[in-house]
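# A structural model of the following input is requested.
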Amino acid sequence: MFIQTEVTPNVDSLKFKPGVPVMSNGETAEFTSGREALVSPLGKRLFQIDGIQSVFFGPDFITVNKHQEHAWQIMKPEIYSAIMDHFASGQPIISEGVEAARDTEIQPEDSETVAMIKELLDTRIRPTIQEDGGDIEYKGFENGVVKLKLKGSCRTCDSSVVTLKNGIENMLMHYIPEVTAVEQVFDEHEAIARAEFEKFEESLRQDRLK
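Take a look at the predicted model:
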């Protein structure tokens, strides 16, 4: 097996392409901890490697996010080995009986606007983001605001806000007049970390003003 590696806009994220399908039927899966990855034989293998922050499975690629203090030159050989060993084992990516999320699957109860949002996310926006090793997850539509969660390489990328506002928001607003804004949704632990970082930045600003 020859595994190609592609850089992403996020320096702490790499895209690994094993040359074979990873997820099927357009599905994706993301794990942000070893506990979450217990449902995935490959996810469990990868989280045994020191320094891995999150793992994302796309249609034909695997995006690995690392902690900033760890070096790719040390981690990459272990990641290659884990991926090759997994595909050689014949095990599934996701354990049998566990269904991957299909957030953009149109449901009978969806309004016409929500159906249009999901279709646009799935056909026009998601493929572009996946090229950079990332993905989006639809989290809801309320009072004109589309709520999205960024995944994969986009999760910790410095340019994620630009991607969200200049790319996704502009396209949705152009095609769907009912959309007035796009808002990023964070996991609980991400929201706490973000709030702490903002408090730290504010304290630095106050110190400079003294």
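# look at the most centrally placed residue in the chain and report its pLDDT.
Nearest residue to the geometric centre of the chain (C-alpha atoms, centre = their mean): residue 151, 1.6 Å. We note a pLDDT of 77 for residue 151 in this prediction.
# check the offset of the host helix or strand of it from the chain's centre.
Element membership for residue 151 (DSSP states H and E) is strand 145-152. Using C-alpha atoms, centre = their mean, to the nearest Å, the mean C-alpha position of strand 145-152 is found 9 Å from that of the whole chain.
# quick one: list the elements packing against it.
strand 52-57, strand 134-142, strand 181-184 (3 or more C-beta pairs under 8 Å, 6 or more residues apart in numbering; DSSP states H and E). The C-beta positions use only the backbone N, C-alpha and C, and glycine is treated the same way.
# re earlier: surely the residue nearest to the centre of the chain is in contact with residue 132?
No: at 11.5 Å, residue 151 and residue 132 do not qualify as touching, with contact defined as C-beta atoms under 8 Å.
# all helices for the protein, in order.
With helices called from DSSP state H, the chain shows them at 41-47, 72-89, 112-120, 126-131, 160-162, 170-175, 188-209.
# for this structure, give me the ranges with low pLDDT.
Low-confidence segments of the chain (pLDDT under 70): 97-102, 153-165, 187-202, 204, 206-210.
# at 50 what do you get?
191, 193 (pLDDT under 50).
# okay, domains of it per the record?
Following automatic domain parsing, the chain resolves into domains at 4-89, 112-188.
# same list (these) but as CSV, adding distance to residue 205.
Rendered in CSV, the data for these read as follows (distance: least, C-beta to C-beta, whole Å):
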stretch, distance to residue 205
domain 4-89, 23
domain 112-188, 19
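# and the residue nearest to the centre of the chain, what does it touch?
Counting by C-beta atoms under 8 Å, 6 or more residues apart in numbering, residue 151 makes contact with 28, 30, 56, 134, 135, 136, 137.
# show me which of those is closest to residue 123.
Checking the contacts of residue 151 against residue 123 with C-beta to C-beta, the nearest one is residue 136 at 12.6 Å.
# any idea how far residue 175 is from the closest one?
As judged by C-beta to C-beta, to the nearest Å, residue 136 and residue 175 stand 16 Å apart.
# winner for burial among the helices and strands packed on strand 145-152?
strand 52-57 (a mean of 24; mean count of other C-beta atoms under 10 Å).
# list the helices and strands that strand packs on?
Counting contacts by 3+ C-beta pairs under 8 Å, 6+ apart, strand 52-57 is packed against strand 29-31, helix 41-47, strand 62-66, strand 145-152.
# if anything else comes up later, I'll come back, but that's it for now.
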